[in-house]
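1. Mind folding the following:
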Amino acid sequence: MAMIGLGAAVFDLDGTLIDTEPRNRVMWSRLFDAHRVPYDETLITSFAGRRGIEALADHVHLFPGRTVEELFEQAVSYESLPGMPDVAPVPGAVDLVRSLADAGVPLAVVTSGQRPYAERLLDMLGIRGLLDLVVTAGDVVTGKPHPEGYLAAARDLDVPPQEAVGFEDAPAGVAAVKAAGMTCVGVVTTQPVGALAKADHVVADFMEVHVVPGPALRVLRTVTS
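-> Below is the predicted model:
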């Protein structure tokens, strides 16, 4: 068990508050399939936690004659197709956000998604009104693993980064939280434990994290393997 003091809580969205990764993996896989570009699970996994535009830019050379913008638009178009995996809240996520809000903890989301997409998911979770701030892909110059989004959240919440706790599910996000100087709690929803090794604490889901007077967080059980 661990106790973590906090002046603010900052959450990633995809894979952290809501499990969209199965759908995102299918979306990216369909894009590569549509262009008959070979890929493997390692490549698809590398998209997790990053802005789609930036992740695609690393591989645009595999799509001769196509721009990153065209490819991104095509990938996003698959999101609403029949047969795509459902999305669901990560266990305990909504209750944790509500408990933090009840305790008066400043709250933000820092996501690699675009604002309309993020707002839709947050409304689906029923927590948009509890958040003080949402930082999206369009609000930063450089996405995760760069810390810009998390530093912007700390600045706008008026909380020193070292007093904030960031929650992430992917290596790029963990790197961004740590580079911002925040305490990081990794959530094992989309990645193996080893991929989150640089987080300060790693939990299976938010059922293992409770808000206690202080306010502070009590981590009941960490995942080590």
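2. okay, T42: pLDDT?
-> In the prediction, the pLDDT value recorded for T42 is 90.
3. repeat for A153
-> Note for A153: predicted pLDDT of 99.
4. what do you get for the one 5 residues further on?
-> According to the per-residue confidence, D158 scores 98 in pLDDT.
5. ok, now the one 4 residues further on?
-> Taken from the predicted model, the pLDDT recorded for Q162 is 98.
6. In contact with it, which residues?
-> The contact partners of Q162, taken as C-beta atoms under 8 Å, 6 or more residues apart in numbering, are 181-183. No exception for glycine: its C-beta is placed from N, CA and C like everyone else's.
7. do the same with A93
-> For A93, the residues meeting the contact criterion (C-beta under 8 Å, 6+ apart) are 11, 16-18, 125, 205-206.
8. A9 belongs to a strand?
-> Yes: with DSSP: H, G, I helix; E, B strand; the rest coil as the criterion, A9 is located in a strand.
9. burial measure for it, as a count.
-> By other C-beta atoms under 10 Å, 30 other residues sit near A9.
10. Also M3?
-> For M3, the tally of surrounding residues (other C-beta under 10 Å) stands at 10.
11. ok, which stretches of this structure are helices?
-> With DSSP state H as the criterion, the chain has helices at 21-34, 41-45, 52-57, 68-77, 93-102, 115-125, 148-157, 171-179.
12. Buried deepest among the ones you listed, which one?
-> The highest average neighbour count among the helices of the chain, using mean count of other C-beta atoms under 10 Å, belongs to helix 171-179 at a mean of 25.
13. and the spatially closest residue to T111 that is not a sequence neighbour, what does it touch?
-> For T111, the nearest residue in space outside its immediate sequence neighbours is L13; the separation is 4.0 Å by C-beta to C-beta, 6 or more residues apart in numbering. Contacts of L13 were listed using C-beta under 8 Å, 6+ apart, and they are 109, 111, 113, 118, 121-122.
14. Now tell me which of these the prediction trusts least.
-> G113 (89).
15. any idea how far L56 is from E70?
-> As defined by C-beta to C-beta, to the nearest Å, E70 lies at a distance of 10 Å from L56.
16. ugh, wrong one, I meant L217
-> When C-beta to C-beta is applied, the distance between L217 and L56 equals 35 Å.
17. same deal with T42?
-> Here T42 is placed at a distance of 16 Å from L56 (C-beta to C-beta).
18. cool, and N24?
-> Taking C-beta to C-beta as the measure, N24 and L56 are separated by 13 Å.
19. related to what we said a few turns ago, please tabulate the contacts of L13 in TSV and include distance to V177 as additional columns.
-> Formatted as TSV, those follow (distance: C-beta to C-beta, whole Å):
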residue	distance to V177
V109	13
T111	13
G113	17
A118	18
L121	20
L122	19
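20. Which residue ranges make up each domain of this structure?
-> Residue ranges for the domains of the chain, per automatic domain parsing: 2-20+87-219, 21-80.
21. Can you give the distance from the first one to the centre of its chain?
-> This points to domain 2-20+87-219. 7 Å (C-alpha atoms, centre = their mean, to the nearest Å).
22. okay, now the residue nearest to M27 when sequence neighbours are not counted: neighbour count?
-> Setting aside the residues directly before and after it, M27 is nearest to Y78 in space (C-beta to C-beta, 6+ apart), at 4.7 Å. Counted by other C-beta under 10 Å, the residues lying close to Y78 total 17.
23. got a list of what Y78 touches?
-> Contact analysis of Y78 by C-beta under 8 Å, 6+ apart lists 26-27, 30-31, 84.
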